[in-house]
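>>> Return a 3D structure for these sequence lines:
(chains A, B, C and D)
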2 protein chains.
Amino acid sequence: MSYTIKDIARITNVSTATVSRVINGQGGYSKATEEKVLHAIEELGYRPNAFARGLISKKSDTVGLLFPEVSSQFSSKILRGVEDAAHLLDSSVIVCNTASHGQRTMKYLQLLAEKRVDGILFVSEVMTEEYYRKLESMKIPVVLISTESYQYPLPFVKVDDRHAAFTATDYLLKMGHRKIGMISGNKEDAIAGQPRIDGFIQAMNNKGLTVQDANIVYSHGFSFHDGLIGLPKLLAQAPDITAVFAASDAVALGAISAAYKLGIKVPEDLSIIGFDDLPMAEMSIPPLTTVAQPLEEMGRVAAELLFSMMKDGGKTESRIIPHYVAERESVKKIL
Amino acid sequence: MSYTIKDIARITNVSTATVSRVINGQGGYSKATEEKVLHAIEELGYRPNAFARGLISKKSDTVGLLFPEVSSQFSSKILRGVEDAAHLLDSSVIVCNTASHGQRTMKYLQLLAEKRVDGILFVSEVMTEEYYRKLESMKIPVVLISTESYQYPLPFVKVDDRHAAFTATDYLLKMGHRKIGMISGNKEDAIAGQPRIDGFIQAMNNKGLTVQDANIVYSHGFSFHDGLIGLPKLLAQAPDITAVFAASDAVALGAISAAYKLGIKVPEDLSIIGFDDLPMAEMSIPPLTTVAQPLEEMGRVAAELLFSMMKDGGKTESRIIPHYVAERESVKKIL
DNA sequence: TAAATTTAAGTAAACGTTTACGCATCCTAT
DNA sequence: ATAGGATGCGTAAACGTTTACTTAAATTTA
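Numbers count the residues shown, from 1 in each chain, chains lettered A, B, ... in the order given. Sure, this is the predicted structure:
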């Protein structure tokens, strides 16, 4: 096996207590002893055992990060931010792919509980009572990312979806559009669904425009495919629209592809604005104008919140992260 | 704090040894005792402490996964596969974003060593002597993903880059193209650079065609931007080409965007084939034909290899994962 | 029925740290 | 010269499990 503190103690003729003190820089030893010990550690390549440390300190220097789907651009941006913040504080992150599956999620929570993670970050998932109870029993800080809970008092980090949808729609209005449609994603989604629809309607109303039912199509989710089939449907319902607000970038790209197939030019014939600002937004043709969620920053902020809760033990306030319009070329100004 | 095995023992009037045996299903207790213990565990919501377990078993049920860049579609697909395989074996994965930075990588290895991870997965990075020595001192299995080492005997999981490049080029040839250019990515990259160039040249030669210097442009990396500036450059050098092989999907999408700006239609005027088959490949206009690396599967296979090495202690053989052409619409058949 | 075996448990050491407590030794101030 | 406080360090318990060794009781075997 590898060396232990006892080996170092034996070799340097001091007690394990002293070695421990030197390792942790706690003072209470002479310069000479310090050097002797440090030298031996270097020599043997000794590394403290996190198990033994954790047993005493009750800390793992590890946090758990749960995603419904790890392999999406959305998730990976957040992961990047979390990882970055964690790394700065010498903490590690364990990622879990819940696949939005209750049983699987519970199993992960169980696992994270056994591993005594110091905190948990919960991304884009609805908080069920089962999860919450488990989380509570773990007695560790939790912060929600890109989701929030109305039932349970958990701090969250997200953009204001309704407001951001308002901003997106308002951008279209400012560019002169009046007949605007929306491909809304999943209406049942309490976070990214209804609020974005509300923001859309509010922006329209705000300009004295009413929104017909025909101007919104609801899809199954927020995917490329949803945009692909959503646009033709929208166009059938509301043929005279000049612009569409897509509830996600993936939906927007799907819509652009559909438009292309229909011989509709973006933005000449139809303007499209997305939501998210994923890396793929700038790779499309034309590059997608979209309302940006700073995902990486959200990850970072959430992690920082989590760490501060670990330290102060207490509660934190939630954070609404500012969104903004990433202006590119998929929206045309009209008269 | 939370409950311990001692609490369970006290409550059920048995020894901690018996509780431990019940928890691990090792037998040596009566049905009545088992029920009593299990019931108490359920009642209190007791969960074993992974620190204490690890101290004895010397296992953490955790693996480390190192990426140069976690937030790329490439990485996240691999992560998905790894996570999946790990989950099946009740193991967790700690992700580390090395940013291709030596010092940062070493710090991670240090951290993973202290946490006593059971194995390490190293993605897309060149293995330096420093890393290797550290890895060796940890005495745990390591497998490389999408990279390999000529210097050190580490098992790897990857596609055959040269062969895949051959396949991509050959596909273009089969579609009738003869004047073919390549945007090669970073030539210095020993894995994704020169081998893909070699495969390209080999396929051309195989058909009796020689490759002019002018038919290849070398870029800095494998990014969208590299494709964006690479295509005009290639076209300047070799104006008569009818097809291009891009060394990555990102490069291919960049090239498509550049073509669009130049008023060149894909695939009517110019065919483009990519490399990777990332999710974005099917979202482009036109959908990108590309030679696919099954990244998720690679992650899964690598993790399985790692786990089998943990169990058998021994060496494993490397795996060359089969690639294939994902045929979409960016390549036109010509006469 | 006595011996042998099996079953169901308990005792205590070990894993590798940290830390409360204790004890010399040395210095400083009176 | 001596009380008092630093300074430098050691001893041993504690953290929560697992497991090698025991042991007593129950069961089987001869």
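>>> Phi, psi for the closest residue to A:E282 other than its chain neighbours please.
Nearest non-adjacent residue to A:E282, counting by C-beta to C-beta, 6 or more residues apart in numbering or on different chains: A:R328, 6.7 Å away. To be clear about C-beta, it is placed using only N, CA and C from the backbone, and glycine gets the same treatment. Main-chain torsions, A:R328, degrees, to the nearest 10: phi -130, psi -130.
>>> Quick one: residues contacting A:R328.
A:A281, A:E282, A:P286, A:P287, A:L288, A:T289, A:T290 (C-beta atoms under 8 Å, 6 or more residues apart in numbering or on different chains).
>>> From what I see, the fifth one and A:I256 are in contact.
Yes: if you go by C-beta atoms under 8 Å, A:L288 and A:I256 touch, sitting 7.4 Å apart.
>>> Which residues are in contact with A:S284?
Here A:S284 is in contact with A:L253, A:I256, A:S330, B:M283, B:S284, B:I285 (criterion: C-beta under 8 Å, 6+ apart).
>>> can you pull out the strands in chain A?
Using DSSP state E, the strands of chain A run over A:62-67, A:92-97, A:119-123, A:142-145, A:156-158, A:180-183, A:216-217, A:243-246, A:271-276, A:289-292, A:319-320, A:324-326.
>>> Rebuild the ones you listed as JSON lines, extending it with distance to DNA strand C, mean pLDDT and mean neighbour count.
Output for the strands of chain A, formatted as JSON lines (distance: least, C-beta to the nearest atom of the strand, whole Å; pLDDT from 0 to 100; neighbours: other C-beta atoms under 10 Å in any protein chain shown):
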{"stretch": "strand A:62-67", "distance to DNA strand C": "16", "mean pLDDT": "96", "mean neighbour count": "26"}
{"stretch": "strand A:92-97", "distance to DNA strand C": "17", "mean pLDDT": "95", "mean neighbour count": "25"}
{"stretch": "strand A:119-123", "distance to DNA strand C": "20", "mean pLDDT": "95", "mean neighbour count": "27"}
{"stretch": "strand A:142-145", "distance to DNA strand C": "25", "mean pLDDT": "95", "mean neighbour count": "25"}
{"stretch": "strand A:156-158", "distance to DNA strand C": "32", "mean pLDDT": "94", "mean neighbour count": "24"}
{"stretch": "strand A:180-183", "distance to DNA strand C": "55", "mean pLDDT": "93", "mean neighbour count": "28"}
{"stretch": "strand A:216-217", "distance to DNA strand C": "59", "mean pLDDT": "92", "mean neighbour count": "22"}
{"stretch": "strand A:243-246", "distance to DNA strand C": "53", "mean pLDDT": "95", "mean neighbour count": "30"}
{"stretch": "strand A:271-276", "distance to DNA strand C": "43", "mean pLDDT": "95", "mean neighbour count": "29"}
{"stretch": "strand A:289-292", "distance to DNA strand C": "44", "mean pLDDT": "96", "mean neighbour count": "26"}
{"stretch": "strand A:319-320", "distance to DNA strand C": "32", "mean pLDDT": "92", "mean neighbour count": "16"}
{"stretch": "strand A:324-326", "distance to DNA strand C": "45", "mean pLDDT": "94", "mean neighbour count": "17"}
